[in-house]
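A.B. asks: No letters, just coordinates:
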């Protein structure tokens, strides 16, 4: 039987049914989860690729 080790307390992270609210990096070294927020605020970033290009050009 496999054993489990708790990495962190997951109470502050959102759960979602029927889909997962997390994803793992293919390397298995990192993952991302959605954290609870105090409000239902949504941040929409439009044209982010142009902003990224500008930042890359400044380097």
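C.D. replies: Looks like it came in fine. Only a predicted model underlies this, so the values are computations on that prediction, with no experimental measurement involved.

A.B. asks: State the phi and psi torsions of the residue nearest to residue 24 when sequence neighbours are not counted.
C.D. replies: Nearest residue to residue 24 in three dimensions, chain neighbours excluded: residue 31, at 4.3 Å (C-beta to C-beta, 6 or more residues apart in numbering). In short, each C-beta sits where N, CA and C put it, glycine included. Per-residue torsions, residue 31: phi -150, psi 160 (degrees, to the nearest 10).

A.B. asks: now residue 24
C.D. replies: Phi and psi for residue 24, reported as degrees, to the nearest 10, are phi -120, psi 140.

A.B. asks: In this structure it contacts residue 33, no?
C.D. replies: No: using C-beta atoms under 8 Å, residue 24 is not in contact with residue 33; the gap is 10.1 Å.

A.B. asks: Who has more neighbours out of these two?
C.D. replies: Comparing residue 24 with residue 33 by other C-beta atoms under 10 Å, the one with more neighbours is residue 33, at 14 against 11.

A.B. asks: what residues are up against the more buried one?
C.D. replies: Contact analysis of residue 33 by C-beta atoms under 8 Å, 6 or more residues apart in numbering lists 10, 13-14, 21-22.

A.B. asks: repeat that for 10 Å
C.D. replies: Contact analysis of residue 33 by C-beta atoms under 10 Å, 6 or more residues apart in numbering lists 8, 10, 12-15, 20-23.
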